[in-house]
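Q: Turn this into a structure:
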Amino acid sequence: MSLMIDESTTISQLSSLIIYLRTKVPGMTETTYIFIDIVELKSLTAEAAKDYQSRELTDRGIYSGLLKCITKVDFILNLTLMFDTLQELSELNLELQSRDITLYSAQQKIRNQLLVSEERKLSCGPHYYEALKAVQELNFRGIPLEKGATVRHLERSIFYDCLKQRMENRLLQTEDIAISECAKVLDSPNWPENPEITYGETNIKTLCCRFALPQRQICGGFRECLMEKKIPASLLPFQSALKCVPISTSECERGFYQMNLIVSTTRASFHLSTVSNLMFIQLVGPPLMLFQPMDYVRSWFMKGRRLATDSKSKVRRRQDYSSHELKSVWKLL
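A: Now for the predicted structure:
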């Protein structure tokens with residue numbers, strides 16, 4: 001199992017840490033995320049946003065300057081460069097948020113994106129190519145363009161070099177790289193055509209030492225997997241340990257999203273424990289049609305509480321409205 005802790009963003013209604021557990025639940029074939037709790041942060045420092053709302057936007061000079069800026073050649077080139085880049089990064093981001101992605105697969109997807117960034121220095125993206133044609137004609141989709149030094153031009157090669165450097169920092173480092181490389185032995189497409197019986201044994205032992213698993217049992221299960229081309233029961237703990245490694249904090253962000261739905265401006269007085277309980281019900285609890293309330297009803301009775309229909313309880317005294325002066329009016333409503 002793995003424990004994930006993430007801090008809420010600055011736009012959240014509540015400054016807190018969220019705690020998730022990624023584990024293999026008995027009786028389930030796949031690993032799952034389980035919300036545990038949220039912990040309030042007593043202080044949170046951040047730079048104040050600039051007071052842009054107080055600025056006057058009625059002056060025509062502002063719009064005139066904006067028009068001159070967005071019709072510059074360099075602005076169009078920079079805009080389409082960022083468009084192509086963010087489109088590819090958004091697709092990578094969605095793939096990394098998948099709940100069933102493995103460590104080796106995530107590492108490979110980031111490496112593939114690095115190759116794309118390197119290639120983009122030589123061959124531009126589709127939107128940037130459209131912008132280059134528009135610059136030659138000084139017309140972008142019917143809007144006349146102007147040349148000028150109002151906007152700083154982003155050199156494409158330098159931009160992708162910086163992007164590549166930033167993405168390389170997101171790759172696994174030192175011994176974690178070995179874990180990723182060793183984990184690919186479970187992917188049958190990476191196996192040779194006729195693997196030897198001891199194929200991948202070194203990688204299996206390395207991972208067993210890292211996850212504190214019995215080496216002899218796991219190695220025997222992997223040999224059986226090589227011969228029969230299916231995962232035996234003795235190899236399931238090894239497979240579950242690899243799946244429990246969290247790839248990103250996307251699940252924590254989903255928890256913060258639910259927290260923001262619960263703690264709104266009209267419900268900001270909730271106690272932290274109440275918010276945590278509501279989040280647990282929303283994130284981990286079963287659907288209403290599958291909810292079994294009897295265990296909770298019994299615990300309610302164990303605390304000395306009674307049913308509303310209990311004859312031994314004090315009978316509620318109800319007011320008599322049979323002779324009320326408005327009874328005739330009530331019949332009309």
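
Q: Just read off the phi/psi values of Lys72.
A: Lys72 has phi and psi values of phi -80, psi 150 when expressed as degrees, to the nearest 10.

Q: okay, now it: neighbour count?
A: If you count neighbours by other CB atoms under 10 Å, Lys72 ends up with 18. Glycine gets a C-beta too; all of them are placed from N, C-alpha and C.

Q: That one contacts Ile143, doesn't it?
A: No. Between Lys72 and Ile143 there is no contact under CB atoms under 8 Å: 11.3 Å.

Q: quick check: domain ranges of the protein?
A: 1-44+249-286, 60-168, 175-246 (automatic domain parsing).

Q: For Arg305, find the nearest of those.
A: domain 1-44+249-286 (18.7 Å; CB to CB).

Q: hang on, the earlier thing: confidence-wise, which of the domains of the chain is weakest overall?
A: Lowest mean pLDDT within the domains of the chain: domain 1-44+249-286, at a mean of 75.

Q: Let me know the average pLDDT across the helix or strand hosting Tyr296.
A: Assigned by DSSP states H and E, Tyr296 falls within helix 294-302. Mean pLDDT, computed over helix 294-302, is 84.

Q: for it, packing partners?
A: Where contact means 3 or more CB pairs under 8 Å, 6 or more residues apart in numbering; DSSP states H and E, helix 294-302 is not packed against any helix or strand.

Q: For it, list every residue counted as buried.
A: Within helix 294-302, no residue counts as buried by 16 or more other CB atoms under 10 Å.

Q: Check stretch 85-98 too.
A: Across stretch 85-98, burial judged by 16+ other CB under 10 Å covers Thr85, Glu88, Leu92, Leu96.

Q: give me phi/psi at the residue nearest to Glu168 when sequence neighbours are not counted?
A: In space, and not counting its chain neighbours, Glu168 is closest to Leu114: 6.7 Å by CB to CB, 6 or more residues apart in numbering. Backbone torsions of Leu114, given as degrees, to the nearest 10, read phi -60, psi -40.

Q: just checking, Leu114 touches Gln165?
A: No. Here Leu114 does not reach Gln165: they are 9.8 Å apart, not a contact under CB under 8 Å.
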